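Asker: Sequence and predicted model, in that order:
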Amino acid sequence: MTLSPQIAAKPRTTIAPMLSVRRGAAAVEFYQRAFGAVVVMLIDDGQGSVVAHLSVDGADFWIADESPPHSNFSPESLGGGTVRMVLTVADPDALYDRAINAGATIVWPVSDQPYGWRVGRLFDPFGHHWEIGKPLAECATNA
């Protein structure tokens, strides 16, 4: 088993999703290509299963290979996901395009929404849905 931890200097309260996937190592590679994620920690069991702590500009999430004996199922096993990830970024159009070019599938393209957000939705090759956007007020102040 390979372990490469990065220990936080000062613990803080956080909530970070852990996404169950099939093909965890491939998922880590996808999120690096699609979102520019960096690997904070990676545990590889040496038999193909991984648990990874990833970060996109300080927004943390985790990836783990599914484990049905522990009731951890991927969207592929369930026939769909139970949550949508909302990723707020400075340039949603660019990150959305990057994710599509990395292999994500369009649900709906980035556009201005009447509820005050510029946002698009896609799903990744592992079945997780992502909404990538930012408030329109930020678009006006950054124009």
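Answerer: That came in fine, so what should we check first? Numbering: from 1, shown residues only.
Asker: List the contacts of residue 127.
Answerer: Neighbour list for residue 127: 21, 74-76, 80-81 [criterion: C-beta atoms under 8 Å, 6 or more residues apart in numbering]. All C-beta atoms are positioned from the backbone trio N, CA, C, and that covers glycine.
Asker: how about a cut-off of 6 Å?
Answerer: Contact analysis of residue 127 by C-beta atoms under 6 Å, 6 or more residues apart in numbering lists 75-76, 81.
Asker: Read off the pLDDT value for it.
Answerer: At residue 127, the pLDDT value in this model is 97.
Asker: Near the closest residue to it other than its chain neighbours, how many other residues are there?
Answerer: Once flanking residues are discounted, residue 127 sits nearest to residue 75: 2.8 Å by C-beta to C-beta, 6 or more residues apart in numbering. A count of neighbours around residue 75, defined by other C-beta atoms under 10 Å, yields 21.
Asker: before we move on, what about residue 53?
Answerer: 19.
Asker: One more: residue 108?
Answerer: 11.
Asker: Renumber starting at 47 from here on
Answerer: Right, with 47 as the first residue, what we last looked at is residue 154.
Asker: thinking it is in contact with residue 169, fair?
Answerer: No - contact criterion C-beta atoms under 6 Å: residue 154 and residue 169 do not qualify, at 10.9 Å.
Asker: quick one: the helices in the chain?
Answerer: Taking DSSP state H, the helices of the chain run over residues 70-81, 121-124, 138-148, 182-187.
Asker: Tell me which of the ones you listed sits nearest to residue 161.
Answerer: Evaluated over the helices of the chain, closeness to residue 161 peaks at helix 182-187, with 9.1 Å, by C-beta to C-beta.
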